[in-house]
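> Got a predicted structure plus its sequence, pasted below:
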Amino acid sequence: MPHRLSLDHIAAAMTMIDPVFLHTPQFRAEALEPILGCQLVVKVETVNPIRSFKGRGASYLLAQMPVGSSVICASAGNLGQAMAYAGRARGIHVIIYASVHANPLKLARMRALGAEVHLHGDDFDAAKAEARRVAEETDARLVEDSLAPETGEGAGTIGLELLGWPEPLDAILVALGNGALLTGVGRWVKAHAPQIQVIGVVAAGAPAMAESWRAGRAVSTAQAQTIADGIAVRVPIPEVLADMQGTVDDVVQVRDESLVQGMRLLHQHLGLVVEPSGAVGVAALLEQPARFAGQRVATVLCGGNLTPEQIQCWLVELP
């Protein structure tokens, strides 16, 4: 049975995605290696107009839609910014549903980029359910992150670029929310370098995707309690769980305390502002040092949208 994510489409996406999101920096984080006990390659997806990897999938998807059309999506913030940015460039009307508790910085940026933003529900999954309901009553296309193959295929270009690293990698640690990033990267990497371990990382307070992957079926949770809003998933997408088969070697959980420590290390030693979801790989290395000792590991720093208050709370250590 063919995989939902096409290798040909991932390759083609490299020619269709807005160049501002492509060929992002990837380098050895040598300053962190004595702390983590392994060689670390970071792929920095925060130095673009929306500070997130989501621009790849949104740009690829909307490049295939007619000018003047409308799309509806739900977002914790980064996909919404990506859709708004790509929609503005393409003349496509973008309607976004977000939780009433969504990051205010991300909401402000979505509106500034021209999106129509509605707040609904206590979390991302409630907002997604409302977006789906509204889409069924309108002519707008519902774009569900990770369920739409284009979002994963666009993200898969990160894997293509990572494999340009001149030395062999032992493992790649990737944030696992709804799954577009992990399945896209995993799809390309396993097809071209199957010896590399592709490992998803979830927040311990939002374990639905990890539990579902291990059970082989969708396992929803009553709530998701984590500072990592980008991966705070309660209701997994069955199709994405199927996409993970054969492309993901393991899924691990990390505590919020480790996310904060990882964010601080990236800020102090690399000068990077990374949001909790973007620091999951470093958090996993902090929690499982023996597993990765002496290996060459890559991780994707997938987002860097923090409010001034979050920067003060999470990145500035009190004396």
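Cool, the structure landed.

> got the residue ranges for the helices in the stretch 51-200 of the chain?
Applying DSSP state H, counting those that start in this stretch to the stretch 51-200 of the chain gives helices spanning 54-62, 78-90, 104-112, 124-136, 149-162, 180-192.

> Flag every buried residue along the last one.
Using 16 or more other CB atoms under 10 Å as the test for burial, helix 180-192 gives 180-191. Yep, even glycine has a C-beta here, placed from its N, CA and C like the rest.

> Just give me the closest of those residues to His3.
Set against His3, the nearest of the buried residues of helix 180-192 by CB to CB is Arg187 (6.4 Å).

> and the closest residue to the closest one other than its chain neighbours, how many neighbours?
The shortest distance from Arg187 to any non-neighbouring residue, by CB to CB, 6 or more residues apart in numbering, is to Leu5 (4.5 Å). Applying other CB atoms under 10 Å, we find 23 other residues in the vicinity of Leu5.

> residue contacts, the most centrally placed residue in the chain?
Residue closest to the average C-alpha location in the chain (CA atoms, centre = their mean): Leu181, at 5.0 Å. The contact partners of Leu181, by CB atoms under 8 Å, 6 or more residues apart in numbering, come to 53, 152, 155, 158, 174-175, 300, 302.

> if you set the cut-off to 7 Å instead, what comes out?
For Leu181, the contacting residues are 53, 155, 174-175, 300, 302, by CB atoms under 7 Å, 6 or more residues apart in numbering.

> From Leu270, how far off is Thr221?
For Thr221, the distance to Leu270 (CB to CB, to the nearest Å) stands at 33 Å.

> what does Gly179 give?
27 Å.

> These two: which has the busier surroundings?
Gly179 (31 against 18).

> Tell me if I'm right that that one and Pro238 touch.
No. At 10.8 Å, Gly179 and Pro238 do not qualify as touching, with contact defined as CB atoms under 7 Å.

> Which helix or which strand is home to Val297?
Counting by DSSP states H and E, the element that carries Val297 is strand 296-301.

> So which residues make contact with that strand?
38-46, 53, 158, 162, 165, 167-175, 181, 266, 272, 274, 278, 281-282, 285.

> gap between stretch 76-95 and the chain center?
16 Å (CA atoms, centre = their mean, to the nearest Å).

> what do you get for stretch 202-210?
For stretch 202-210, the distance to the chain centre is 14 Å (CA atoms, centre = their mean).

> Domain-wise, how is this protein divided?
Under the assignment automatic domain parsing, the domains of the chain span 7-52+149-315, 54-142.

> List buried members of the contacts of strand 296-301 by neighbour count.
Applying 16+ other CB under 10 Å to the contacts of strand 296-301 flags 38-46, 53, 158, 162, 169, 171-175, 181, 266, 272, 274, 278, 281-282, 285 as buried.
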